[in-house]
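Participant: I need the structure of the sequence given here:
(chains A and B)
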Protein chains: 2
Amino acid sequence: MSFSIPSSDFSLASGTETEIFNWAKSHFRDHTFAKDERVVTRPGLLYFVERGAVRIVGKAQVNVIDKQSRHQLTTAESEEVFLGFVGAGQPFEIVSRYPFQLQAYAHVEETEMVWLYWEDLEHWPQFRAAILETFRHQHQRKLFWLSILGQKRSIDRLMGFLVLLMEEYGQPCPEGYYLPYSLTHAQIASAIGTTRVTVTRLIGKLRQQNSLFLKDDHLIGLPSLFLSQN
Amino acid sequence: MSFSIPSSDFSLASGTETEIFNWAKSHFRDHTFAKDERVVTRPGLLYFVERGAVRIVGKAQVNVIDKQSRHQLTTAESEEVFLGFVGAGQPFEIVSRYPFQLQAYAHVEETEMVWLYWEDLEHWPQFRAAILETFRHQHQRKLFWLSILGQKRSIDRLMGFLVLLMEEYGQPCPEGYYLPYSLTHAQIASAIGTTRVTVTRLIGKLRQQNSLFLKDDHLIGLPSLFLSQN
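Facilitator: Residues are numbered from 1 along each chain as shown, chains lettered A, B, ... in the order given. Okay, here's the model as predicted:
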């Protein structure tokens, strides 16, 4: 799969951003999170990553027919699914709706965040409009992501998934582009609906055929030929 | 999996809508499509389903390493993936970005559509804001959809997918809720990353245990107990 880099930039107007972030901080609406610390979110709030990165994960409460009684519904918690990153300068919101539960975690050390109520943004209509444009863009990206997850072969889902992330967050290096955030094989597996063992096997195979490399032994990279329109 | 019905309603303000749709029609920007007719879309345009329903599908151009030469990239077209419906009164846009290609098809007979340029909406800022809110909502729904597709077992993906569609489009009937649009097993399979044969087998199994029914022999329905918060 082949992409053009860099992706279109939807970063928000920085002058207003600084003003609004300062306003939020003066109202004690900021916090610095440790790696993997959960961000306790509330509905109606809008969050901004000022530094670092956040990962979004999803779960669902699954009702299953009880095998013994055959008609009894029991509730099981589904696996946690990796749904993407939110990088510095980007907004997100967490809307959970039974039985779906979305959650945010700081993905790197010292992730700084500020938050606002949507209503606060009435004072900054242009900024509000820019945020809605960001969500419009993210919606498009998720449609591409869904196109990837509909592929039947795990290797197609894996490559498509990595290329999508690389296009959005990839950093150039001599060998191509690498993802600046570490991801475990279990996290990748959860995103593409396969097992950790399969991801490990496929990554080994891709490395062997030079379709994938590791930077600093743990960051995933892809050669440029997978990432440019050729 | 269990859901509450009905889902939050994001339909657009109908007075303005009528005015805008009439304006579009007076500018010859409307068309009625036959079932499965492709809607030829252009970037920068915003489409509205006035009657009927549209289905969105996605494809990706996949670059694969040629097995013979081992280093040659060849391009293959991926399978078409079902990405959702757009019902009456709802807007959509088609942003394709190499190697991803999104397409829209009329899903039912006599699907009526109108279209506008985004710039046209500068005259109707409230309406524009309502559309962006719709995309914000759709973005949230796609995160739920991705949570479903991360599940490892095909049956969990199938049930989650059906419940999501039912929550958005389901119509009540004595047995529960049914989806008013027909979907082939191949279309369902493309959405949840499995084969048509597997979908046919799982639907048979779900029918046997009364977790799924068919209305008028072809429309999928789910008993209420899967669709209410209990």
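
Participant: C-alpha only now, for contacts and for neighbours.
Facilitator: Fine.

Participant: Look through chain A and tell me its longest helix.
Facilitator: Longest helix of chain A, by residue count under DSSP state H: helix A:125-149.

Participant: who does it touch, helix- and strand-wise?
Facilitator: Applying 3 or more CA pairs under 8 Å, 6 or more residues apart in numbering or on different chains; DSSP states H and E, one finds that helix A:125-149 contacts helix A:154-169, strand B:53-65, strand B:81-87, helix B:125-149, helix B:185-192.

Participant: Throw the ones you listed into JSON lines and include mean neighbour count, mean pLDDT and distance to A:Thr195, thanks.
Facilitator: Below are the helices and strands packed on helix A:125-149 laid out as JSON lines (neighbours: other CA atoms under 10 Å in any protein chain shown; pLDDT from 0 to 100; distance: least, CA to CA, whole Å):
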{"stretch": "helix A:154-169", "mean neighbour count": "21", "mean pLDDT": "91", "distance to A:Thr195": "10"}
{"stretch": "strand B:53-65", "mean neighbour count": "22", "mean pLDDT": "81", "distance to A:Thr195": "22"}
{"stretch": "strand B:81-87", "mean neighbour count": "22", "mean pLDDT": "95", "distance to A:Thr195": "22"}
{"stretch": "helix B:125-149", "mean neighbour count": "21", "mean pLDDT": "91", "distance to A:Thr195": "13"}
{"stretch": "helix B:185-192", "mean neighbour count": "23", "mean pLDDT": "94", "distance to A:Thr195": "16"}
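
Participant: who wins for proximity to A:Leu46 among the ones you listed?
Facilitator: Of all the helices and strands packed on helix A:125-149, it is helix B:125-149 that lies closest to A:Leu46, at 12.4 Å by CA to CA.

Participant: now what about that closest one, what contacts it?
Facilitator: Applying CA atoms under 8 Å, 6 or more residues apart in numbering or on different chains, the contact partners of helix B:125-149 are A:57-60, A:80-83, A:95, A:100, A:129, A:132-133, A:135-136, A:138-139, A:142-143, A:146, A:149, A:191-193, B:10, B:12-13, B:16-17, B:91, B:121-122, B:156-157, B:160-161, B:164, B:192-193.

Participant: State the distance from the closest residue to A:Val86 other than its chain neighbours to chain B.
Facilitator: Leaving out its chain neighbours, the residue that sits closest to A:Val86 by CA to CA, 6 or more residues apart in numbering or on different chains is A:Val54, at 5.1 Å. Distance, A:Val54 to chain B, by CA to the nearest CA, to the nearest Å: 15 Å.

Participant: so A:Val54 touches A:Ala104, yeah?
Facilitator: Yes. The criterion here is CA atoms under 8 Å, and A:Val54 meets it with A:Ala104 at 6.4 Å.

Participant: now the longest helix of chain A, how far from the centre of its chain.
Facilitator: 12 Å (CA atoms, centre = their mean, to the nearest Å).

Participant: okay, the angle between that helix and helix B:125-149?
Facilitator: 30 degrees (axes from the mean of the first three to the mean of the last three CA atoms, to 10 degrees).

Participant: Many thanks, we can stop here.
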